[in-house]
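*Asks:* Dropping a prediction and its sequence here:
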Amino acid sequence: MHKLYVKNMVCNRCISAVQQALEKEGLTFAHIQLGEVVLTSTPDNKQLSALKNRLNDLGFDLLDDQRQQIIERIKNIIVTQVHHSEETPKLKLSEILSQSLNKDYSYLSNLFSEVEGITIEKYLINQRIERVKEMLIYDELSLSEIAYKNGYSSVSHLSSQFKKTTGLTPKHFKSTGISQRKSLDSL
C-alpha cells in the first residue's frame, strides 16, 4: 500500500476525477477520499510524474512535502465536517484534528497559521459561511434552520459572523450576492 496526498480535492466530483486519472495511468487504488489516495502498490517515478501532470491538468496537485500534506489533511477534515456531514460533531474541532492526525493541536494550529497565513478557526469560519451561502441560495430553509444546521448558537450569531466575513447581511446576500460564492478549493 502506498499513500498519496492530493491538494484541492473538495467534493465527490473531485474524487471521481482523481479516480479517472489513476485509471488512465494504470494505477490501482484501494481507497480514495478527499485529499488522500491509497494505492495497492508503490508507483515508479515515471508513473508518479505522469500522474502528477495529469492531476495538474485537472487542477489538483500531488503533495510531496509532509507539512503541505498535514495542511491539506486539516483542510479536508474541516471540509468534510462542514459540507459533508449532517451530524454536529461530538468533539471540538481541535480534538477531532488532534485525534485524526495524531498530532498535538498547538503544533497543527501553528503550522496551519504559518503556512496558510490564517488560523484554523478562520478557515473553519470561511467554510461555514460558504455553506450558509449555499443554503441561502437554495432557499429551502429559514435562517433559524440554517443557523441550527451549521452549529450557530443563534440567528444573531450567524448574522454577525456572516456580515463580518462577507460585508453583507444574510438577507442582503440572498437578494443580491449569489455571484459572491467562492469555490471551496479557493478558500
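*Replies:* Thanks, I have the structure now. Residues are numbered from 1 along each chain as shown.

*Asks:* going forward, measure contacts and count neighbours with C-alpha atoms only.
*Replies:* Fine.

*Asks:* burial measure for Q20, as a count.
*Replies:* When neighbours are defined as other Cα atoms under 10 Å, Q20 has 14 of them.

*Asks:* Ignore what I typed, I meant R67.
*Replies:* Considering only other Cα under 10 Å, R67 is surrounded by 14 other residues.

*Asks:* in the helix or strand it falls within, what counts as buried?
*Replies:* For R67, the host element (DSSP states H and E) is helix 66-83. By 16 or more other Cα atoms under 10 Å, the buried positions in helix 66-83 come out as 68-79, 81-83.

*Asks:* Between the residues you listed, which sits nearest E36?
*Replies:* Taking Cα to Cα as the measure, E36 lies nearest R73 of those, at 8.1 Å.

*Asks:* Tell me which residues touch the closest residue to the closest one other than its chain neighbours, please.
*Replies:* Excluding its sequence neighbours, the residue lying closest to R73 (Cα to Cα, 6 or more residues apart in numbering) is G35, at 6.6 Å. Residues near G35 by Cα atoms under 8 Å, 6 or more residues apart in numbering: 5-10, 72-73, 76.

*Asks:* re the thing from before, export the helix holding R67 to PDB, keeping only CA atoms.
*Replies:* Coordinates of each C-alpha in helix 66-83 appear next as PDB, following Å, rounded to 0.1, in the frame of the first residue of the first chain:
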ATOM      1  CA  GLN A  66       5.000  16.500   4.700                       C
ATOM      2  CA  ARG A  67       4.000  19.900   6.000                       C
ATOM      3  CA  GLN A  68       1.700  20.500   3.000                       C
ATOM      4  CA  GLN A  69       0.200  17.000   3.400                       C
ATOM      5  CA  ILE A  70      -0.700  17.900   7.000                       C
ATOM      6  CA  ILE A  71      -2.200  21.200   6.000                       C
ATOM      7  CA  GLU A  72      -4.300  19.500   3.200                       C
ATOM      8  CA  ARG A  73      -5.500  16.800   5.700                       C
ATOM      9  CA  ILE A  74      -6.600  19.600   8.100                       C
ATOM     10  CA  LYS A  75      -8.500  21.300   5.300                       C
ATOM     11  CA  ASN A  76     -10.100  18.100   4.200                       C
ATOM     12  CA  ILE A  77     -11.300  17.200   7.700                       C
ATOM     13  CA  ILE A  78     -12.800  20.700   8.000                       C
ATOM     14  CA  VAL A  79     -14.500  20.500   4.600                       C
ATOM     15  CA  THR A  80     -15.900  17.100   5.400                       C
ATOM     16  CA  GLN A  81     -17.200  18.300   8.800                       C
ATOM     17  CA  VAL A  82     -18.800  21.400   7.300                       C
ATOM     18  CA  HIS A  83     -20.000  20.300   3.900                       C
END
